[in-house]
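# got a predicted structure plus its sequence, pasted below:
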Amino acid sequence: MSGDSAHAFSGSLRKARWGIKSEFDTTPSHGADQQLRYTFDSSFTQDHSFLMTVKILQEMTQRYTAHPEMVQFTRRLFNNTRLRNHDELGEIFAIVNYFQGTHTTQQDEEGIGKPLMIGDLGSYRYQKDPYGVELFQSPPKVLRDIQVGESGADCDDIAAACACALAAAGYPVMLMIVDAAEGSPGTYNHVMLATKTLGPNELYGNDWFPVELIHPLKAGTSVKITQYIPLVIEPYDIDKKTMKLIPDAFR
């Protein structure tokens with residue numbers, strides 16, 4: 001095993017452990033180290049594997065929130081969308097719409113893959129990880145792939161990218177763990193986001209609301225929420241009601 005020599009992504013992230021214990025090997029790929037290929041140990045239970053995924057997403061979003069590419073992306077998107085100053089819901093909806101992309105089941109045939117921003121060559125497209133492998137892609141890489149028309153990322157990758165964009169635009173973000181498989185309660189096989197505006201808004205007031213990226217659901221629409229896990233958030237944005245949905249291990 002590679003031990004302390006393992007690294008992930010680029011710059012300050014080259015020696016990030018992503019919640020992975022030192023006895024397990026991590027294998028970055030490509031020159032900029034922008035992908036991390038991780039094969040879960042055969043002894044891991046489904047819960048262990050999911051917990052590891054969450055820890056990696058936490059570290060990744062916290063490290064990339066202020067990345068220049070993420071900050072500049074939000075500025076370009078908001079100017080392209082022609083939003084007024086302080087339109088907090090408009091900014092959040094613009095980010096969510098961008099990361100949902102134009103490959104959804106509700107997209108008309110002519111619009112499939114259509115870019116959502118001037119200068120982009122394509123749109124976000126969901127794609128499963130390679131068989132038997134957990135592949136984590138950095139948020140800047142997810143953005144670049146969309147922009148050059150070569151997008152392919154699963155719910156973990158797109159959630160991390162969207163979370164960084166929301167936080168880069170000034171909004172707190174939490175991860176939502178949901179029971180996505182009908183008839184399989186307690187099977188945590190899908191991740192979503194939750195965010196909130198800084199001031200009260202006409203739709204959700206001061207409450208957190210869910211953000212789904214893979215399925216074409218409007219912001220605020222979700223399957224049953226099982227847990228909240230903080231990604232990029234300050235303590236003053238967590239009230240008592242929200243705290244009850246955060247597992248002790250993540251408080």
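Sure thing, it's come through. Quantities reported herein were computed from a predicted structural model and do not represent experimental measurements. Numbering: from 1, shown residues only.
# only C-alpha atoms for contact and neighbour calcs from this point on.
Fine.
# please enumerate the helices of the stretch 101-250 of the chain.
Assigned helices in the stretch 101-250 of the chain, in chain order: 139-147, 155-168, 240-243 (criterion: DSSP state H, counting those that start in this stretch).
# separation between Thr81 and Thr74?
10 Å (C-alpha to C-alpha, to the nearest Å).
# so these two - more neighbours on which side?
Thr74 (21 against 15; other C-alpha atoms under 10 Å).
# packing partners for the strand or helix carrying the more buried one?
According to DSSP states H and E, Thr74 maps onto helix 68-81. Contact partners of helix 68-81 among helices and strands, from 3 or more C-alpha pairs under 8 Å, 6 or more residues apart in numbering; DSSP states H and E: helix 88-100, helix 139-147, helix 155-168.
# can you pull out the strands in the stretch 151-251 of the chain?
Taking DSSP state E, counting those that start in this stretch as the criterion, the stretch 151-251 of the chain carries its strands at 173-179, 188-195, 209-211, 225-232.
# next one: the stretch 1-150 of the chain
Using DSSP E, counting those that start in this stretch, strands in the stretch 1-150 of the chain cover 27-29, 35-38, 134-137.
# deepest-packed of the helices of the stretch 101-250 of the chain, please.
Each of the helices of the stretch 101-250 of the chain was scored by mean neighbour count; the highest is helix 155-168, a mean of 26, by mean count of other C-alpha atoms under 10 Å.
# any weak-confidence spans in the stretch 51-200 of the chain?
Counting by pLDDT under 70, the stretch 51-200 of the chain contains low-confidence ranges at 178-190.
# related to what we said a few turns ago, how about the strands of the stretch 151-251 of the chain in JSON lines, adding distance to Tyr131 and mean neighbour count?
Below are the strands of the stretch 151-251 of the chain laid out as JSON lines (distance: least, C-alpha to C-alpha, whole Å; neighbours: other C-alpha atoms under 10 Å):
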{"stretch": "strand 173-179", "distance to Tyr131": "22", "mean neighbour count": "23"}
{"stretch": "strand 188-195", "distance to Tyr131": "16", "mean neighbour count": "20"}
{"stretch": "strand 209-211", "distance to Tyr131": "27", "mean neighbour count": "22"}
{"stretch": "strand 225-232", "distance to Tyr131": "27", "mean neighbour count": "20"}
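# can you report how many residues neighbour Pro68?
Neighbour tally, Pro68, other C-alpha under 10 Å: 11.
# tell me how far it lies from Ala159.
19 Å.
# repeat for Tyr236
23 Å.
# ok, now Gly205?
For Gly205, the distance to Ala159 - C-alpha to C-alpha - is 24 Å.
# do Leu89 as well
Where Ala159 is concerned, Leu89 sits at a distance of 18 Å (C-alpha to C-alpha).
# excluding chain neighbours, what is closest to Tyr64?
Leaving aside its sequence neighbours, Tyr64 sits nearest to Cys164 (C-alpha to C-alpha, 6 or more residues apart in numbering; 6.3 Å).
# pretty sure that neighbour sits against Val142.
No. Using C-alpha atoms under 8 Å, Cys164 is not in contact with Val142; the gap is 11.2 Å.
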